[in-house]
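J.: predicted model, plus sequence, below.
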Amino acid sequence: MSADAPTLDVRGLKTHFFTKAGVARAVDGVDFTVGKGEVVGLVGESGSGKSVTGFSIIGLVDPPGRVVSGEVLFNGQNLIGLSPEKMRKLRGNRIAMIFQDPMMTLNPVLRVDTQMVETIRAHDKSVSKADALARARDALGQVGIPAPDERLKSYPHQFSGGMRQRVAIAIALLNKPDLIIADEPTTALDVTIQGQILYEAQKLCRETGTSMIWITHDLAVVAGLADKICVMYGGRIVEQGAIDDVLDHPVHPYTRGLLGSVPGHNTRGQRLYQIPGMAPSLLNLPEGCAFQARCPKADEVCKKEPEITEPIKGREIRCFHPHLDQDEEIGA
Amino acid sequence: MSEPMLEVRDLTKNFVKKLDLAGRIAQKMGSSIREEVVHAVDGVTIRIEKGGVVGLVGESGCGKSTLGRMIAGILQPTSGAITYKGVELTNMNPEEAKRAALEIQMIFQDPFASLNPRMRVVDIIGEAPVAHGFCKASEIHEYVSEVMQRVGLDPEYRRRYPHQFSGGQRQRIGIARALAVKPEFLVCDEAIAALDVSIQAQVINLFMDLREDLDLTYLFISHDLSVVEHISDRVVIMYLGRIVEVAETDDLFREPNHPYTYALLNEVPRVDQRGLDYHPIEGEIPSPLDPPPGCHFHPRCPHAMDRCKQERPQLREIAPKRWSACHLNDGT
Ligand SMILES: Nc1ncnc2c1ncn2[C@@H]1O[C@H](COP(=O)(O)OP(=O)(O)OP(=O)(O)O)[C@@H](O)[C@H]1O
Ligand SMILES: Nc1ncnc2c1ncn2[C@@H]1O[C@H](COP(=O)(O)OP(=O)(O)O)[C@@H](O)[C@H]1O
Ligand code: SF4
Ligand code: SF4
Ligand SMILES: [Mg+2]
Ligand SMILES: [Mg+2]
């Protein structure tokens, strides 16, 4: 995207949960950057550590979880170890998060205008009520809410699910953050409503240069929206690179299997490729590569932990036997 | 055309939301408050041939599950007729009715909620076949083992409880339970929606194999158009309780006729589409309590004419094997 320093630079992030049953290595060595105005898709199946990565960045990991190592550099400043006070200042101001359930953001007993004005004035007391209200109205309009003046006076329960999510996005936008972390915000919504929200999100990044991390299990959503994709498995990013490169020429066996198992235009009547078995429990991951029990290329070497390599320019993977010959069959 | 296996004619289901006490008192005192009626399914006609897979698509609340449950005989229609193998369900003698109830089985979305947590898998799968004489109580283990093998479950696990299985395995238990009574017609209601992508592929393949091996006929309900395109021979699109379009799968995806189908297809994210410019259809899905008059889609339709606001468009055959309910087809 730009040659400037990235807005976000995550290095060696590890977040573990210390539960009675053992240590769950939910995030276990995650490295990626988000450039200014860039949209990064973070994809993976449930339990792969996507949400915990998001929570770790904005400092919302609760016990028994803890960031055990790594750095989260936001505009050059390391957020790990920042005081809760300073972190709270950043959240909702420079960094905002949107959740699958908009009620994580919205307060059910407050009118929308009250919540929005409070959000603005919490970060800048010098803004007058009237100015704050005007900004709130603009923000609602920006995410495509019709009749924003009327809607400002409503309570969250008076909106449909899609509208509620839009209000949550509008609130996230109020203080013009540099980075938005969106955790499956459209997963619970219908296709046509999801389309509307993707449209607003895309417009926003293009127009204001806001950077975004879009977390989803849906490869197709990321395909249309993101500049870059990070594929997570077992708490690690196993493959990342420019969206077209990765989706057209995946080299990690997991990414290849995942793409092969997506039904689509040309698959009718054919068997889908199926990745055998299921994701391992994070409580007892195997030594070495987490994918080995399901991987057609696994061998003795994979019992060691695969380090990050860059076998092709701009592509980072964790795998000892990447598919560099693209004509190979998926399962080979 | 061959005799359909299942035919649904003018099927309607209204749910009446009864007034609470306060409402009844208000009504007695002259308030205009009335009981609310949801037209969940509003005059639906479908034919399903033996061995076919019919995909049923539509957004949340459009009546897919309600239609599926009426076909599976677990919900009484308000009006209209369901004919199975040439006999109307309401005209069947008890013997025929019992056979139809066994031959038409339903598989649900939530593999967990639909399994009794206190029963062992062997009893969950074996209860109905023993009760209906498909096997003797003394042979339940052999019988269940065979069914489990067919759906890719290890029969060794038959003494376990549902919570000891993964999501994908629980869905297989649900499928095994349905198959155990030797059905001919399966209503699958979002049967893979709750599963991860790689597990979805496994279960989709299983459905296709079972179709071949057991000569099954499916009504496959899903909001996921990619899955429906992959699995179906024919697709039915619903909007707010009504069918708006029916077509062979290839025709529908190549050239949708109804403006709603067109919008829906445009909106579905696909892995092979990158850097999209989203052009979402506008507006909310109207409340089914108070659907717009005429064509239900008119408030969101880019082609709406005056006539659309008053007159309900009938589902008409507009080309061989193609039906659509839109006034545009009456044009010049
Ligand atoms: N038991 C019921 N009582 C009252 N209304 C109901 C009942 N069951 C369904 N409805 C209403 O009927 C309409 C159709 O519901 P249905 O469950 O068939 O939708 P659906 O297409 O399966 O949606 P989804 O994709 O969310 O599963 C909805 O408006 C719903 O609220
Ligand atoms: N509060 C918690 N206590 C214990 N384990 C947790 C907690 N929160 C998350 N985890 C574990 O961390 C892993 C990653 O979770 P998450 O990031 O939510 O996955 P996803 O990729 O689906 O968003 C999961 O295995 C989950 O069980
Ligand atoms: S490191 Fe080995 S097991 Fe892991 S993905 Fe690569 S080949 Fe497969
Ligand atoms: S009948 Fe009219 S409103 Fe309905 S889809 Fe056709 S053109 Fe649009
Ligand atoms: Mg998550
Ligand atoms: Mg349903």
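T.: Yep, that arrived. Ligands and ions are numbered 1, 2, ... in the order given.
J.: okay, CA-based contacts and neighbour counts for the rest of this
T.: Fine.
J.: ligand 2 contacts on the stretch 51-200 of chain A?
T.: A:Ser51, A:Val52 (C-alpha under 6 Å from any ligand atom).
J.: pick out the residue in the stretch 51-200 of chain A sitting closest to ligand 3.
T.: Relative to ligand 3, the nearest point of the stretch 51-200 of chain A is A:Thr53 (21.0 Å; C-alpha to the nearest ligand atom).
J.: need the phi and psi values for the residue nearest to that residue when sequence neighbours are not counted.
T.: Nearest residue to A:Thr53 in three dimensions, chain neighbours excluded: A:Val27, at 6.5 Å (C-alpha to C-alpha, 6 or more residues apart in numbering or on different chains). Main-chain dihedrals, A:Val27, degrees, to the nearest 10: phi -120, psi 120.
J.: same check, this time on A:Arg315
T.: According to degrees, to the nearest 10, A:Arg315 has phi -120, psi 120.
J.: for it, what are its contacts?
T.: Shown in contact with A:Arg315 (C-alpha atoms under 8 Å, 6 or more residues apart in numbering or on different chains): A:Glu239, A:Gln240, A:Gly241, A:Ala242, A:Val246.
J.: looks to me like A:Val221 is in a helix.
T.: Yes: checked against DSSP: H, G, I helix; E, B strand; the rest coil, A:Val221 lies within a helix.
J.: wait, it touches B:Pro269, no?
T.: Yes: between A:Val221 and B:Pro269 a contact is recorded at 5.4 Å, counting by C-alpha atoms under 8 Å.
J.: any idea how far A:Thr208 is from A:Val40?
T.: A:Thr208 sits 16 Å away from A:Val40, going by C-alpha to C-alpha, to the nearest Å.
J.: the two - which one has more neighbours?
T.: Per other C-alpha atoms under 10 Å in any protein chain shown, whichever of A:Thr208 and A:Val40 has more neighbours is A:Val40, with 27 against 13.
J.: tell me which element that one falls in.
T.: Assigning secondary structure by DSSP states H and E places A:Val40 in strand A:39-43.
J.: so A:Leu174 sits against A:Arg137, correct?
T.: No: the pair A:Leu174 / A:Arg137 is not scored as a contact, 10.0 Å apart, by C-alpha under 8 Å.
J.: can you show me the strands along chain B?
T.: Here chain B has its strands, by DSSP state E, at B:6-17, B:36-48, B:53-57, B:79-84, B:87-88, B:104-107, B:185-189, B:217-221, B:234-239, B:242-248, B:316-319, B:322-324.
J.: what of the stretch 1-150 of chain A?
T.: A:8-19, A:22-34, A:39-43, A:65-74, A:77-78, A:95-98 (DSSP state E, counting those that start in this stretch).
J.: residue ranges with poor pLDDT in chain B?
T.: B:1-2, B:31-33, B:111, B:275-278, B:332 (pLDDT under 70).
J.: let's go with 80 and repeat that
T.: B:1-3, B:17-36, B:110-113, B:166, B:194, B:272-285, B:287-289, B:331-332 (pLDDT under 80).
J.: can you tell me the centre-most residue of it?
T.: In chain B, the residue lying closest to the centroid (C-alpha atoms, centre = their mean) is B:Ile221, at 3.6 Å.
J.: residues in contact with that residue?
T.: B:Gly55, B:Leu56, B:Val57, B:Lys64, B:Ser65, B:Gly68, B:Val187, B:Cys188, B:Asp189, B:Glu190, B:Ala191.
J.: distance of the residue of the stretch 101-250 of chain B found nearest ligand 2 from ligand 3?
T.: In the stretch 101-250 of chain B, the residue that lies nearest ligand 2 is B:Asp196 (9.9 Å; C-alpha to the nearest ligand atom). Here the criterion is C-alpha to the nearest ligand atom, to the nearest Å. By it, B:Asp196 lies 19 Å from ligand 3.
J.: can you redo the contacts of B:Ile221 as a markdown table, where the extra columns are distance to ligand 4 and neighbour count?
T.: Compiled in a markdown table, the contacts of B:Ile221 are given as follows (distance: C-alpha to the nearest ligand atom, whole Å; neighbours: other C-alpha atoms under 10 Å in any protein chain shown):
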| residue | distance to ligand 4 | neighbour count |
| --- | --- | --- |
| B:Gly55 | 21 | 28 |
| B:Leu56 | 18 | 28 |
| B:Val57 | 16 | 24 |
| B:Lys64 | 19 | 27 |
| B:Ser65 | 23 | 21 |
| B:Gly68 | 24 | 21 |
| B:Val187 | 28 | 24 |
| B:Cys188 | 28 | 23 |
| B:Asp189 | 26 | 23 |
| B:Glu190 | 26 | 19 |
| B:Ala191 | 29 | 24 |
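J.: these also near ligand 3: which ones?
T.: Within the contacts of B:Ile221, nothing lies near ligand 3 by C-alpha under 6 Å from any ligand atom.
J.: of those residues, closest to chain A?
T.: Closest approach to chain A among the contacts of B:Ile221 (C-alpha to the nearest C-alpha): B:Val57, at 11.0 Å.
J.: bridging residues for that closest one?
T.: Beta-bridge partners for B:Val57, by DSSP bridges, are B:Ile237.
J.: now do stretch A:37-50, average pLDDT.
T.: Mean pLDDT, stretch A:37-50: 92.
J.: need the contact partners of it.
T.: Against stretch A:37-50 from outside (C-alpha under 8 Å, 6+ apart): A:1, A:26-27, A:34, A:205-206, A:208-219, A:222, A:225-236, B:196-197.
J.: same thing but 6 Å
T.: Stretch A:37-50 has contacts (C-alpha atoms under 6 Å, 6 or more residues apart in numbering or on different chains) with A:26-27, A:205, A:209-217, A:222, A:226-235, B:196.
J.: what's the answer for stretch A:18-34, then?
T.: So stretch A:18-34 is in contact with A:6-17, A:49, A:64, A:235-237, A:282-283, going by C-alpha under 6 Å, 6+ apart.
J.: buried ones among these?
T.: A:6-17, A:49, A:235-237, A:282 (16 or more other C-alpha atoms under 10 Å in any protein chain shown).
J.: of those residues, list those near ligand 2.
T.: A:Phe17, A:Gly49, A:Leu282.
J.: and chain A, which residues reach chain B?
T.: A:45, A:190, A:192, A:195-196, A:199, A:220-221, A:223-225, A:261, A:263-264, A:267-268, A:271-272, A:274-275 (C-alpha under 6 Å from any C-alpha of the partner chain).
J.: which residue is the nearest non-sequential neighbour of residue 257?
T.: You didn't pick a chain, so chain A it is. A:Ile275 (5.9 Å).
J.: let's do chain B instead
T.: For B:Asn257, the spatially nearest residue (C-alpha to C-alpha, 6+ apart) is B:Ser324, at 6.8 Å.
J.: the one you found: neighbouring residues, count only.
T.: The burial count for B:Ser324: 26, using other C-alpha under 10 Å.
J.: any idea what it is bridged to?
T.: Applying DSSP bridges, one finds that B:Ser324 bridges with B:Glu245, B:Arg316.
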